[in-house]
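Just to be clear, the model below is a prediction. Sequence and coordinates:
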Amino acid sequence: MPAMRTPARPGTARSVVVTLVCVGVLAAMTTIARRYGFSTLDLDRAAAGSWLGGDGLYAYRSPVSHLGTALPPPAAVLTAPAAFLPLAVAGWALALAGLAALGLALVALAGPVARRYGRRRWPVVLAVGALALTIEPVRASLGLGTLDLVAFGLVTADIVALRRGAWARSRELWWPGHRPFAGSPLHRLRATGGWAGVGVGLATALTVGPAFFIAYLMLTRQWRPALTALATTATTATAAVLITPHESAAWLGEVLWRLDRTGPVDAPGNQSLGGVFARLYDSASTPLLVWLSFAMLLVAVGLIRARSAHADGDEVTAFTLVGLTAAGTGPVTGTHEVLWMLPAMLVLVDTAARRRAEARGGVPGRPRFPGAGLATAAGLTYLLLVLAPMWSLSDAFSRNSYALAMIVLVNALPWRPAAAPAFPVNRWLHRRPATATIPPPREPLVRGS
């Protein structure tokens, strides 16, 4: 009698998937590490070793590139233990931390999109993660050994906190008297998103650029997260001053204002407005007044559109616009710092899917291929991030491609009303009464003669 076949157990299937994912991530990380060689982390390690040896953190210069580190003092304190580890060990440890932050961020960003269309969350998150490992910002952040992915994950954690807090306050509105968050203060803090602002504060202390998110929180009158972020940044900076007073003073007085410390301003890797104008003027430095004028204009557009996205209930797009604005307006922005183009592609794909879903009813006047333009824009953005033409081509568009893409996205990225509100919604007060549908008049019957 032939043996009966039994279906594969779910646990076995999950084990196979987890194994394949781990093998794929390991292969990708090995390729990325060989290509980039953790060069930024190597420079930071050498500077930290010089600092621990008594020669000063910011006085160090690489004997090969003659460049120094520009890490803020809190980030320097965090990465100082890497000076005692081999470069490969320190690089892989930082890369694993970056991968963990990326994975958690994608769960928070891509997971709700998958559920909205009735898809399972984990296959979508894994697919988006696999695509994310192929784009230049993620590759550079992992391969160079920077803290940008960690900062990206910290800011995304605040998006989760804001959404969770809005949901908790909404539930209190439409279910008065119910206490679903009783228990320890820590449990209530976690359940209600009370930590909102901590992630932005820590990210600002590590990489400075996320300070734009604090300005955005103030602009949208989210005072509690804004004050929490300010207090977190101040606490972290104070701790760094107490640990390294001399280096903190040197960073505030000199390093912060040295734009060319990590490389020439007109280098192709600088994809900010400052780099664009330096290359257009064929100068080693950017024209200050021209850069400031256009930067202030881009900041105004980005923050105004982010405030509008927040008012329409799309906090993810609002944060994405702020992140793109911060990366585009800075005087020096490496390719590893444009990570907010990843959620921008998710927003484009989600908006395209929404428009297609709305047009399925065959409403007259709808375009024949709804959302095709947005889907094409997402695909072109992905190809641009994968190919990174600034490293291989010398024409003006290619050398400034990331900066131009960020400027276009800041001005044209759509938002999705009520997709991820950060404010409470009373489902009972805002519920619209049902209206009766009046049928169209019937045509008169024509009787034959």
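Cool, the structure landed.

Every contact and neighbour count from this point should use C-alpha atoms.
Will do.

average pLDDT for the host helix or strand of Thr12?
If you go by DSSP states H and E, Thr12 is part of helix 10-36. If you average the pLDDT over helix 10-36, you get 86.

now for that helix, which elements pack on it?
Applying 3 or more CA pairs under 8 Å, 6 or more residues apart in numbering; DSSP states H and E, one finds that helix 10-36 contacts helix 136-144.

Alpha carbons of the helix it packs on, in PDB - could you do that?
C-alpha atoms of helix 136-144 as PDB (Å, rounded to 0.1, in the frame of the first residue of the first chain):
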ATOM      1  CA  GLU A 136      21.900  52.900  -3.200                       C
ATOM      2  CA  PRO A 137      20.900  54.700   0.100                       C
ATOM      3  CA  VAL A 138      20.400  51.400   1.900                       C
ATOM      4  CA  ARG A 139      23.500  49.800   0.300                       C
ATOM      5  CA  ALA A 140      25.700  52.800   1.200                       C
ATOM      6  CA  SER A 141      24.400  53.100   4.800                       C
ATOM      7  CA  LEU A 142      25.100  49.400   5.400                       C
ATOM      8  CA  GLY A 143      28.400  49.200   3.500                       C
ATOM      9  CA  LEU A 144      29.900  52.500   4.600                       C
END
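
What lies in contact with that helix?
Helix 136-144 has contacts (CA atoms under 8 Å, 6 or more residues apart in numbering) with 29, 32-41, 94-95, 98-99, 132-133, 147-149, 335-339, 385-388.

Next: stretch 245-258.
So stretch 245-258 is contacted by Gly56, Leu57, Tyr58, Ala70, Pro72, Pro73, Ala240, Val241, Arg261 (CA under 8 Å, 6+ apart).

I'd like the distance from that stretch to the chain centre, please.
Here stretch 245-258 is found 27 Å from its chain centre; the criterion is CA atoms, centre = their mean, to the nearest Å.

Please apply the same query to stretch 206-214.
Worked out by CA atoms, centre = their mean, stretch 206-214 lies 12 Å from the chain centre.

Stretch 243-252 too?
Put simply, stretch 243-252 sits 29 Å off its chain's centre (CA atoms, centre = their mean).

could you point out which element follows the helix or strand Ala97 falls within?
Per DSSP H and E, Ala97 falls inside helix 87-116. For helix 87-116, the following helix or strand on the C-terminal side (DSSP H and E) is helix 121-132.

Show residues contacting that next one.
Leu102, Gly103, Leu106, Val107, Ala110, Gly111, Pro112, Ala114, Arg115, Val138, Leu342.

Verify the stated contact: the first one with Val155.
It refers to Leu102. No. Taking contacts as CA atoms under 8 Å, Leu102 lies outside contact range of Val155: 11.2 Å.

Now do Ser39: how many residues are near it, please.
17 (other CA atoms under 10 Å).

Equivalent analysis for the one 3 residues further on, please.
Counted with other CA under 10 Å, residues neighbouring Asp42 total 21.

hang on, the earlier thing: tell me which of Leu102 and Val155 has more neighbours.
With neighbours defined as other CA under 10 Å, Leu102 and Val155 compare such that Val155 has more, 26 against 23.

That one touches Thr204, doesn't it?
No. In this structure, Val155 is not within contact of Thr204 by CA under 8 Å, at 9.3 Å.

Provide a list of residue ranges in the protein with pLDDT below threshold.
Residues of the chain meeting the criterion pLDDT under 70: 1-11, 171-193, 361-367, 425-449.

Which parts of it are strands?
Using DSSP state E, no strands are assigned anywhere in the chain.

distance of the residue most central in space within it from Ala239?
Nearest residue to the geometric centre of the chain (CA atoms, centre = their mean): Trp340, 3.8 Å. Remark: distance between Trp340 and Ala239 (CA to CA, to the nearest Å) = 29 Å.

With Pro81 instead?
Per CA to CA, Pro81 is found 17 Å from Ala239.

Val89 now?
Val89 is 27 Å from Ala239, by CA to CA.

who's more crowded, these two?
Taking Val89 and Ala239 together and counting by other CA under 10 Å, Ala239 has the greater number of neighbours (15 against 11).

Can you list the buried residues in stretch 243-253?
Using 16 or more other CA atoms under 10 Å as the test for burial, stretch 243-253 gives Thr244, Glu247, Ser248, Ala250, Trp251.

Format those residues as JSON lines; extra columns: distance to Asn400.
Listed next are the buried residues of stretch 243-253 as JSON lines, based on distance: CA to CA, whole Å:
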{"residue": "Thr244", "distance to Asn400": "38"}
{"residue": "Glu247", "distance to Asn400": "34"}
{"residue": "Ser248", "distance to Asn400": "33"}
{"residue": "Ala250", "distance to Asn400": "32"}
{"residue": "Trp251", "distance to Asn400": "29"}
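
Tell me the one of the residues you listed nearest Tyr216?
Trp251 (25.3 Å; CA to CA).

quick check: domain ranges of the chain?
25-258, 263-358+370-425 (automatic domain parsing).

Quick check: which of those domains is nearest to Thr19?
domain 25-258 (9.9 Å).

What is the distance between that closest one and the centre of its chain?
Between the centre of domain 25-258 and the centre of its chain there are 10 Å (CA atoms, centre = their mean).

Also stretch 321-328?
Distance of stretch 321-328 from the chain centroid (CA atoms, centre = their mean) equals 10 Å.
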